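1. A structural model of the following input is requested.
(chains A and B)
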Amino acid sequence: MENEMPLTIAGTYKVGAKIGSGGASVIYLAEHMRLGKNVALKADKRTLSANPENLRREVETLKNLSHSYIPQVYDFIVEEGVVYTVMDYIEGESLDKPLKRGERFPQAQVAKWACQLLEAVVYLHGRPPHGILHADIKPANVMMTPENNICLIDFNIALALGAKGAVAVGRSAGYASPEHYGLDYSAYNVTRSVTAASGAGTESLKSSSAVKSSAESVAAKKPIILDVRSDIYGLGATLYHIMTGERPAKYATEVKPISAKEYSLPVIRAIEKAMHPDPDLRYQSAGEMLRDFERLREDDPRVKRRKRAAAITTAALSLSFIAGGLTAFTALRLNERLQGAYALAEYSENALDEGDAALAVDYALQALTKRPDAAEAQKALTDALNVYDLSDGFKKHKTIELPSAPLYMAISPGGKTAAAVYAYDVAVFDTETAEIIATLPAEKSALSEVEYISEDIIIYAGENGIKAYNISERKGLWSGKPATNLTVSADGGTVAAAYKDENFATIYDVKSGVQVRQAEFDEKRQKVVTNDSFANPGDDLFALNGDGSSLGVSFADGSLWIYDLTDAGGQVKILDGALGYTSFDGGFFDGYFAFSASKKGSSEFSVIDTVTMERTGGFESVNPFSAYVDSSGVYMRTENILVNIDPATGEQTPIVNISESISRFARDEEHTLISAGNEHIFFDKNAVVISRYKDEYADDIMLIAKDTAVIGGLNSPVIRVMKREDRQGAEAFAYDPSYEHDEARISADGKTVMLFSFKQFRLYDINGGVIADVSIPGSESLYDQRYLRDENGSRLENIYYDGTIRAYSAENGELSYETKGENPDTTLYEEFFTDKLMIESPLHGTPAAYDRKSGELVRELEKDAYLTYVTQVGEMIITEYITADGERYGLALNEKCETLARLPYLCDIIGDELVFDYPNGRLRKSRLYDIDELVELAGIRTAANR
Amino acid sequence: MSYDLLLYIGVAVCAASVLGAIIAAIIFAVSRRGLNKALDAEYGKRRH
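-> Numbers count the residues shown, from 1 in each chain, chains lettered A, B, ... in the order given. From the prediction side, this is the model:
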């Protein structure tokens, strides 16, 4: 054929040098004579007439192919019986040539070519309708271009795949898949197969020497069917050869494994999988194999390890960050709750200070809800509930807030309601619930007053006139002329009313509201400030006597008169205005009129017999007097003394005598309330203190009736209500409170009570009978006293500086024994021990608690009092103190020495019971409450209050 | 344990995590460079 090769083909292509040949064809370099472009001209050796079908098939297969790594077919020419195919001229050489030269290619290069070949094969296998099988992929059919890319050539035996594959027409040893030989390696079965074909370089299919099977005779005549997996095998074998430099063995099972020392595992795995003898275990598509080659890096064990390490590190750090964040967040939340609990505990304290015990309980409960273990919250609840105050007396109850500060107040005789005049209404409120029952419009003047006729009926300076109002029925009873100042007779039958500085007073019958008469003041007028909108100086005296027949009035000119309101009429001047008095107090009691009159630098108190109108007694002073008269008598206050004065005899009976100056007082038949310094002190009718409170709130108005006290200030809208409580249920013992003592103890057997001090002791039996009254000898030499309760009984030990110890029996008060020991060391401090703590109480300095194991300071204790004793009761620690003023109290602490409760007047602890010694001669007992009991108690009280 | 201490621990763990993440990122970046070089040598440069 070569000798016969024409110079031009189809008048278009000028034939050049031969560039290759295969079994069925010769390939020439040719030039398109018009375009000047080089092409490859393949002259097929098979004549057209000999194999028309094969040639047509090849043309049909190749004519539509267009891919970067597959040569384009441009033309198909038949000339002089020879079939010429015109296609892309691929520069370079086929890979078999460098392989024959002994060259090998690096793995990276092979990987790149693998991808290119696979792209071409994917393209071929994807051609419609069922794909095209190359069927002869081998290095000789792969061109290496000058650009170092490849091109898959020689589609001589390419097959158009049918639905079930294609029939093999040739094979190349080493690159042909086992299917080319009819070998079936699935489940290790191998069958023989036969056909016949030929072609140089491509072996004819012959009978193989495989193991015979029962199917051999049937298979002998069957054509060998190939599919895409055969191309994959060929491709794999090609890659094997160009990478290792070795042509693979003919039979797949004899192929030498690729060394893992020289090549990467992913590459080895891909090639070996492509060359698997069992087609079912090869790549099932070129695309699959291409994906593996494209993912060589990702599939590399080092990359996988690195990714795993990165994932683990990221996960660990993320978890750590989250854990840290959660910890910090938790700490913040817990701290927020704790601070919230502290704030609520403080609110509770403030509410209690202001006098609203119910609100204080509420806040304390909220604090405990936030932090049940917060000592401050528990103390707030204990304080609010006042569980350890077993004294009888007036306790803080509730507060009520008016729209503005009160100007004047009155309390009902039974203390159940009170009325307050503010700008400009009268508010009537229930002292138990602190709720306003009624709001009544008042005369727009700070001079407006309100008075109680009875528990249910008030008279007040209403808008447009004096009014009577029934509180329980919520209705007005009658009204009269405009009024500001009011006074009611002691019998409740008459009310006198004056309006600002008008020169008369109107007298009404309380029941009917009928105006019974008018008392004329002539030219005299009561004292009224220039602007009566805001202030009532309270300097006036305007009072009716018991049956409403006489009216005492002070005037702006400083005079004081008594008006006869009977038919007889008349008036008597009691004080002349020339005396210059500016402030008056007083009223009528029995047949007497008692009053105080003051001016700067001078004051007088006098009692007038209203029958004779003569002065029966009195006195003068540079210090101001303040007279007070009610149905129980005449009282006079000056400086630090409050006395009851018998108007007939002038005899004075002290009610209150204290060290501080009394600024204000209120009283009823049973109790007296005084304001002195920043304290409020309650006395019973025997002048014994029953309650005292430090109180820095304004107390310009103080009222007391039965078991209720009401305190208000002229510059605060908050009115505090106090209620008397009776805790006799906790009483253990009652004694004469006038007996001076420092300590009180109950004997271990509970049969006797000893009150003692350094000077003396008194022994009682538990029923109150005095067993012994003893003056302790040599008391000036006493160092210390101890009340002991042990197996030897109960006794009082007196320890002297010289070491002498005298013990007196708590059974009969007699001297039990006397011993002499070493002198007590007066320089030592005391030490107390609990399970976990050692508490030091120095003679001078602050006591402190230390951890017994580590010796570390746990907490300093009370600074301003002397620690006398420490007792552990369960998990609580009770510390007992005495102040410089001789006040005794205890503190209940938790194991961190945080205060859980204050125990005023604590004198002893017997077992788990606390004993309190009150100034009014009462010993009372209480157990220690745990937090659950306190909460339950709070719940009960809250429900009761509702 | 006081809440302040718990807070400090939490913040310290968070800070350590952040610092650890920065250090790990630097280490991974440096090691990735070396590995990429080796992978390029074995598998060729990435095909785009």
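
2. Help me confirm that residue A:77 is found in a strand?
-> Yes - judged by DSSP: H, G, I helix; E, B strand; the rest coil, residue A:77 forms part of a strand.

3. mind listing what it touches?
-> A:9-10, A:83-86 (C-beta atoms under 8 Å, 6 or more residues apart in numbering or on different chains). For the C-beta atoms, the positions are set from N, CA and C on the backbone; glycine is no exception.

4. Turn these into JSON lines, including pLDDT.
-> Below are these laid out as JSON lines (pLDDT from 0 to 100):
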{"residue": "A:9", "pLDDT": "86"}
{"residue": "A:10", "pLDDT": "86"}
{"residue": "A:83", "pLDDT": "81"}
{"residue": "A:84", "pLDDT": "85"}
{"residue": "A:85", "pLDDT": "84"}
{"residue": "A:86", "pLDDT": "87"}
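
5. which among these end up buried?
-> If you count burial by 16 or more other C-beta atoms under 10 Å in any protein chain shown, the buried members of the contacts of residue A:77 come out as A:9, A:83-86.

6. now, among those residues, which is nearest to residue A:312?
-> residue A:85 (59.0 Å; C-beta to C-beta).

7. just to revisit the earlier point, narrow the contacts of residue A:77 to those in strands?
-> Using DSSP state E, the subset of those located in strands is A:9, A:83-86.

8. which among those are in contact with chain B?
-> Among the ones in strands among the contacts of residue A:77, no residue sits close to chain B (C-beta under 8 Å from any C-beta of the partner chain).

9. For chain B, give me the ranges with low pLDDT.
-> B:1, B:47-48 (pLDDT under 70).

10. center of it - which residue?
-> residue B:24 (1.9 Å; C-alpha atoms, centre = their mean).

11. Just read off the phi/psi values of that residue.
-> Residue B:24 adopts backbone torsions of phi -60, psi -40, taken as degrees, to the nearest 10.

12. my read: it touches residue A:315, true?
-> No - shown here, residue B:24 and residue A:315 do not form a contact pair, counting by C-beta atoms under 8 Å, at 11.5 Å.

13. Can you show me the CA trace of stretch A:638-656 as CSV?
-> Extracted as CSV, the C-alpha positions of stretch A:638-656 are listed here (Å, rounded to 0.1, in the frame of the first residue of the first chain):
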residue,chain,number,x,y,z
THR,A,638,-41.7,68.6,130.5
GLU,A,639,-38.2,67.7,129.5
ASN,A,640,-37.7,64.0,130.3
ILE,A,641,-40.7,63.5,132.6
LEU,A,642,-44.3,62.7,132.1
VAL,A,643,-46.5,62.8,135.2
ASN,A,644,-50.1,62.3,136.0
ILE,A,645,-51.4,65.2,138.1
ASP,A,646,-54.3,64.9,140.5
PRO,A,647,-56.2,68.1,139.7
ALA,A,648,-57.6,68.2,143.1
THR,A,649,-54.5,67.7,145.2
GLY,A,650,-51.8,68.5,142.7
GLU,A,651,-50.2,65.1,143.5
GLN,A,652,-47.9,64.0,140.7
THR,A,653,-47.5,60.4,139.7
PRO,A,654,-44.6,59.6,137.4
ILE,A,655,-45.6,57.9,134.2
VAL,A,656,-42.3,58.2,132.4
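
14. and the strand or helix carrying residue A:938, how far out from the chain's middle?
-> According to DSSP states H and E, residue A:938 maps onto helix A:931-945. Distance of helix A:931-945 from the chain centroid (C-alpha atoms, centre = their mean, to the nearest Å) equals 24 Å.

15. Please identify the buried residues of that helix?
-> A:934-935, A:937-938.

16. Now do the strands in chain B.
-> Using DSSP E, strands in chain B do not occur.

17. Would you confirm that residue A:811 belongs to a helix?
-> No - checked against three-state DSSP, residue A:811 lies outside a helix; its state is coil.

18. right, and it touches residue A:789 too?
-> No - counting by C-beta under 8 Å, residue A:811 does not reach residue A:789; the two are 11.9 Å apart.

19. Which neighbours do those two have in common?
-> residue A:747.

20. just to revisit the earlier point, and the helix holding residue A:938, average pLDDT?
-> Mean pLDDT, computed over helix A:931-945, is 85.

21. Need the residues that contact it.
-> By C-beta under 8 Å, 6+ apart, helix A:931-945 touches A:358, A:361-362, A:364-365, A:368, A:372, A:378, A:381-382, A:384-385, A:387, A:433, A:929.

22. run the last query once more with 7 Å
-> Under the criterion C-beta atoms under 7 Å, 6 or more residues apart in numbering or on different chains, residues A:358, A:361, A:365, A:368, A:372, A:378, A:381-382, A:385, A:387 lie in contact with helix A:931-945.

23. Could the C-alpha coordinates of it be exported in PDB?
-> What follows is helix A:931-945, C-alpha atoms only, in PDB (Å, rounded to 0.1, in the frame of the first residue of the first chain):
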ATOM      1  CA  ILE A 931     -35.800  27.600 107.600                       C
ATOM      2  CA  ASP A 932     -38.700  25.400 106.500                       C
ATOM      3  CA  GLU A 933     -40.600  26.200 109.600                       C
ATOM      4  CA  LEU A 934     -40.000  29.900 109.100                       C
ATOM      5  CA  VAL A 935     -41.300  29.700 105.600                       C
ATOM      6  CA  GLU A 936     -44.300  27.800 106.700                       C
ATOM      7  CA  LEU A 937     -45.000  30.400 109.400                       C
ATOM      8  CA  ALA A 938     -44.600  33.200 106.900                       C
ATOM      9  CA  GLY A 939     -47.100  31.500 104.600                       C
ATOM     10  CA  ILE A 940     -49.600  31.200 107.500                       C
ATOM     11  CA  ARG A 941     -49.200  34.800 108.400                       C
ATOM     12  CA  THR A 942     -49.500  36.000 104.900                       C
ATOM     13  CA  ALA A 943     -52.700  34.100 104.400                       C
ATOM     14  CA  ALA A 944     -54.000  35.400 107.700                       C
ATOM     15  CA  ASN A 945     -53.200  39.000 106.600                       C
END
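
24. can you tell me which residues contact the closest residue to residue A:370 other than its chain neighbours?
-> Take residue A:370 and drop its neighbours on the chain: the residue closest to it by C-beta to C-beta, 6 or more residues apart in numbering or on different chains is residue A:341, 4.2 Å away. Each residue near residue A:341 by C-beta under 7 Å, 6+ apart is listed here: A:367, A:370-371, A:374, A:376-377.

25. same thing but at 10 Å, please
-> A:364, A:366-378, A:380 (C-beta atoms under 10 Å, 6 or more residues apart in numbering or on different chains).

26. and if you look at residue A:804?
-> Taking C-beta under 10 Å, 6+ apart, one finds A:778, A:781-783, A:798, A:818-821, A:823 in contact with residue A:804.
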